[in-house]
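S.K.: my questions are about this predicted structure, shown below with the sequence.
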Amino acid sequence: MVKLRLRRIGKKKQPVYKIVAAHSESPRDGKFLEAIGTYHPQQNPAGIEFKETRLFYWLKRGAKATDTVLGLMKQKGMWLKWQLMKNGKDEAAIAAELEKWQVLHASKLVRKADKKASLKKKKKAAAEVASAAPPTEAPAA
């Protein structure tokens, strides 16, 4: 069985992954059939690239994506496109759905950034209150 999975490359503590099609029994960093993308987890936002035609080629051939690669595909909208293609939608319908997905995804990223900024602001305010409070007296013995 062919699996779509990650293959670690990069330096120590600086991981970079290739997204590869490989036999399920071959080792993680061993022999693979084809590189179909890259994943840079330390970039902000994470850098995810797929060779779209080759990805869909392997999926049509029955390759199974690991949970991690499936998550990366969902982040890029590839899984939605694959599902629409499998259901026999035409190009116009796929393009319309992907455009709708991109709008929703962009708003989701904005909400996520706002939430992160809000949490950071709350944490900073709590740290200021804690540092401004008078030191507690030690109980008399």
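M.R.: Sure thing, it's come through. Residues are numbered from 1 along each chain as shown.
S.K.: and the helix or strand containing A117, what does it pack against?
M.R.: If you go by DSSP states H and E, A117 is part of helix 91-132. Helix 91-132 sits against helix 78-86, with contacts defined as 3 or more C-beta pairs under 8 Å, 6 or more residues apart in numbering; DSSP states H and E. C-beta: built from backbone N, CA, C; applies to glycine.
S.K.: now the angle from the helix it packs on to helix 91-132?
M.R.: Between helix 78-86 and helix 91-132, the angle comes out at 160 degrees (axes from the mean of the first three to the mean of the last three C-alpha atoms, to 10 degrees).
S.K.: pull out the buried residues from helix 78-86.
M.R.: Judged by neighbour count (16 or more other C-beta atoms under 10 Å), helix 78-86 contains these buried residues: 78-82, 84.
S.K.: okay if I get those as TSV plus distance to F56?
M.R.: Formatted as TSV, the buried residues of helix 78-86 follow (distance: C-beta to C-beta, whole Å):
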residue	distance to F56
M78	8
W79	11
L80	13
K81	8
W82	7
L84	11
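S.K.: let me have these in CSV, extended by pLDDT.
M.R.: Below are the buried residues of helix 78-86 laid out as CSV (pLDDT from 0 to 100):
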residue, pLDDT
M78, 91
W79, 93
L80, 93
K81, 92
W82, 93
L84, 93
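S.K.: looking at those residues, which is nearest E52?
M.R.: Among those, M78 lies closest to E52 (C-beta to C-beta), at 7.0 Å.
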